[in-house]
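A.B. asks: Below is the sequence, then the predicted model.
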Amino acid sequence: MTTQEHEPLSMTGGGVEASEEEPSPSLVELIGAEVVGLVRVGFELYSLFVRTLYYCVRGRREPGAVMRQMFEIGNRSVFFLTVVMGFIGMILVLQGGLQVKRILPDFSRVGATFLDMLVRDLAASIGSLMLATRVGAGIAAEIGSMVVTEQIDALRMSAADPIDYLIKPRFIASLVMTTCLVVWSAAVATLTGMLTAYVTFDVNPRTFFNLVMVNEGDLITGLAKCLAYGAAIPIIAGHSGLMTHGGSEGVGWATTRAVINGSLAVILLDLVISTAGYLVFGP
């Protein structure tokens, strides 16, 4: 090793120029970069959504691909959602009944209030959060693996758009099966809540199953959430999968990003649709 290799590069004078370190970005620059990144992702998601709608109308027809995705999204999620929503129904009725018991020991409205909350919000929102984890991660992992193994490039070289071949069947299947799964989840939560009310608070099942507080505004709001969540989950997961890079590690990041962004989208859409429903139909 020569003498020059031992000389520090940062020393001043002696013919060696001082190395200038780049200044660290300020807080405003970091926030600005995050905002620009969010806006860019928002435009990409909007573009992907519009192109998916276009291919739903003008794309190729392949009912078999849609049916396979409906089986993957719907049938394979039934057991998971049944277990989760069964426990959710028991927990909500138990906690609600305990609060009622402290104030006024009248349980005649426990079932009606529970069903109103279930139809208007809880069944669609909690069920879709579960779907965002199971279905969103699966879509992002599958498409991300196709990206890193260059199967997506092969599709493009064959003049086939990956959105038409991969995103569109999952989009249609998710729209249909999310609605079906939410209806099934609401039925399961109602049944377990009814059993909990009967066993814990001695509420007659006929008294519990009281739909007097459920109106058409609740049904329309709940259905709108089903459709919005069913559209958002495959679009966000597909975008995360198509943006995958860096091999198997990138696939892992894509699935994580799909779950986080999908769950966040469900919560934001819940706020927007609930507010719109309140303004249009009232409390």
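C.D. replies: Looks like it arrived, so ask away.

A.B. asks: buried stuff in the helix or strand G238 falls within?
C.D. replies: If you go by DSSP states H and E, G238 is part of helix 216-242. The neighbour-count check on helix 216-242 (16 or more other CB atoms under 10 Å) flags 218, 221-222, 224-242 as buried. Every residue, glycine included, has its C-beta placed from N, CA and C.

A.B. asks: immediately after it, which helix or strand?
C.D. replies: With DSSP H and E, the next secondary element past helix 216-242 is helix 248-281.

A.B. asks: and that next one, average pLDDT?
C.D. replies: The average pLDDT for helix 248-281 rounds to 90.

A.B. asks: list the buried ones in it?
C.D. replies: 250-251, 253-255, 257-259, 261-263, 265-266, 269-270, 273-274, 277.

A.B. asks: My read is that M213 contacts T113, right?
C.D. replies: Yes. When contacts are counted by CB atoms under 8 Å, M213 is listed as touching T113 (6.6 Å).

A.B. asks: circling back to that earlier point, rounded to a whole number, what's the mean pLDDT of the helix holding G238?
C.D. replies: The model assigns helix 216-242 a mean pLDDT of 92.

A.B. asks: for that helix, packing partners?
C.D. replies: helix 27-58, helix 123-148, helix 168-201, helix 248-281 (3 or more CB pairs under 8 Å, 6 or more residues apart in numbering; DSSP states H and E).

A.B. asks: which residues sit in contact with Y229?
C.D. replies: Counting by CB atoms under 8 Å, 6 or more residues apart in numbering, Y229 touches A124, S125, S128, L131, A132, T178, V266, L269.

A.B. asks: Not counting residues beside it along the chain, what's closest to the fifth one?
C.D. replies: Residue nearest to A132 in three dimensions, not counting chain neighbours: G262, with 3.5 Å by CB to CB, 6 or more residues apart in numbering.

A.B. asks: Same question for the third one.
C.D. replies: Spatially, and ignoring its direct neighbours in sequence, S128 is nearest to Y229 (3.7 Å; CB to CB, 6+ apart).

A.B. asks: What is the neighbour count of L45?
C.D. replies: Using other CB atoms under 10 Å, L45 is surrounded by 17 other residues.
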